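**Student:** Fold the following for me, if possible:
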Amino acid sequence: MTAAQRAAPRRERARAATIEEIKQTALRLMHEQGTLSVRFTDIARAMDMTPPALYRYFADRDVLLCALITDAYDALGEYVAECREGAPVADLAERWKAVAQAYRDWARREPEQFMLILGMPLPGYAAPTDGPTTEAAKRAMAQLQSLFHEANAQGALRPPIVAEVSAAVEECAAMKNAESPATVSPAHFQAMLHAWASLHGFVMLEINGHFDWIGEAARDALFLGQVRAIAHAAGMPVPDA
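**Tutor:** Modelled structure (predicted):
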C-alpha cells in the first residue's frame, strides 16, 4: 500500500469525524439557544472554524438540517424497534406498551431531535421530495404499523371503537396497503393513525413542560392509562394496568 493509499482512509475518517462534530454542535446549540434554527456562523464559532470552512462539509443549512432530521428519524426508529423486539412476539399487549414507552423515553432523552422531526415545521426549510428524510420517516413510523400487522396476522385485532371510515381515509389506506405486503382494513388503518396521534399528543405535552405540575409517578400512571386507552380504542390487545 502506498503512502497516498494509506492517507486516503485517514482523510475519510477525519472528514467523517468533522461532519459528526458539526451535527453534534448544531444540536447542542439548539438546546442552549432554545431554538431549532441555527446559523453556520454560530456553529463555526463554537468549533473554532471559519464559516466558509463549513461549506466543505455541508453545502448549506438545508443540507445540514436534512442530515440531522435523517439521523433523528433513524435513531428513533432503531430505538423503538429494539424495545419492541425485547418483548415476546406473542405478547402483543407488551409489544405495544414497549413501543409506546420507547417513543416517550426517546423524546424525553432527545427533545431537540424529537422536536426537529415531529415538532413545528422549520421556517424556510422544505424536505426534499422522496429524499433521505422521507425514507427515514417511513422507517421510523413503520414500527407502529408493524404492530397492527402482527396483531392482524395473529387474529388478535378487534373492531376499533371508531369503525366509520370516510372515503378520503379509505383512499389513504388503499395507497398505504399497496406499498406493503401486509395489509389492514381501512378501519384499522384509521385506528393506527388515531393511536399515533394520541401517543404523540401526550409526549408533546410532556416534553414541552405542560405536565410538570404532575409528579413523576403520576405522569407514569397517566401515560400507562393513555397507552391502555389507545389500545382499547384501536382494537389492539390491552396491556395490564
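**Student:** List the residue ranges of this protein that fall below the pLDDT cut-off.
**Tutor:** For the chain, the stretches with pLDDT under 70 are 1-8, 130.
**Student:** any idea which helix is longest in it?
**Tutor:** Using DSSP state H, we find that the single longest helix of the chain is helix 3-33.
**Student:** Any buried residues in it, and which?
**Tutor:** In terms of neighbour count (16 or more other Cβ atoms under 10 Å), helix 3-33 has its buried residues at 18, 22-23, 25-27, 29-30. From N, CA and C alone the C-beta is placed, and that goes for glycine too.
**Student:** same for it, what does it pack against?
**Tutor:** helix 40-46, helix 61-85, helix 111-118 (3 or more Cβ pairs under 8 Å, 6 or more residues apart in numbering; DSSP states H and E).
**Student:** cutoff 6 Å now
**Tutor:** Under the contact criterion of 3 or more Cβ pairs under 6 Å, 6 or more residues apart in numbering; DSSP states H and E, helix 3-33 touches helix 40-46, helix 111-118.
**Student:** just those: most buried one?
**Tutor:** Mean neighbour count (mean count of other Cβ atoms under 10 Å) peaks for helix 111-118 among these, with a mean of 20.
**Student:** Let's verify Ser180: helix, strand, or coil?
**Tutor:** Three-state assignment for Ser180 (DSSP: H, G, I helix; E, B strand; the rest coil): coil.
**Student:** Please determine how far it is located from Ala46.
**Tutor:** Distance from Ser180 to Ala46, counting by Cβ to Cβ, to the nearest Å: 43 Å.
**Student:** now Ala187
**Tutor:** Counting by Cβ to Cβ, the gap from Ala187 to Ala46 is 51 Å.
**Student:** Also Ala218?
**Tutor:** Counting by Cβ to Cβ, the gap from Ala218 to Ala46 is 39 Å.
**Student:** same question, Glu179
**Tutor:** Distance of Glu179 to Ala46, computed by Cβ to Cβ: 41 Å.
**Student:** thinking again about what came up before, dump the helices and strands packed on helix 3-33 to JSON lines, plus distance to Leu157.
**Tutor:** Converted to JSON lines, the helices and strands packed on helix 3-33 look like this (distance: least, Cβ to Cβ, whole Å):
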{"stretch": "helix 40-46", "distance to Leu157": "48"}
{"stretch": "helix 111-118", "distance to Leu157": "26"}
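**Student:** if I pick Phe40, what's in contact with it?
**Tutor:** By Cβ atoms under 6 Å, 6 or more residues apart in numbering, the contact set of Phe40 is 51, 54.
**Student:** correction: Ala98
**Tutor:** When contacts are counted by Cβ under 6 Å, 6+ apart, Ala98 touches 83-84, 87.
**Student:** next one: His149
**Tutor:** Counting by Cβ under 6 Å, 6+ apart, the residues that His149 touches are Ala182.
**Student:** change the start of the numbering to 605 and stick with it
**Tutor:** That works, and once the first residue is 605, the last one we named lands at His753.
**Student:** how far away is it from Pro790?
**Tutor:** Counting by Cβ to Cβ - His753 and Pro790 are separated by 15 Å.
**Student:** by how many degrees do the longest helix of the chain and helix 665-689 diverge?
**Tutor:** Interaxial angle of helix 607-637 relative to helix 665-689 (axes from the mean of the first three to the mean of the last three Cα atoms, to 10 degrees): 80 degrees.
**Student:** So Val642, which state does it fall into?
**Tutor:** Classified using three-state DSSP, Val642 is coil.
**Student:** my guess is it contacts Leu633, does it?
**Tutor:** Yes - the pair Val642 / Leu633 is scored as a contact, 4.9 Å apart, by Cβ atoms under 6 Å.
**Student:** Any figure for the gap between Gly723 and Met808?
**Tutor:** As defined by Cβ to Cβ, Gly723 lies at a distance of 8 Å from Met808.
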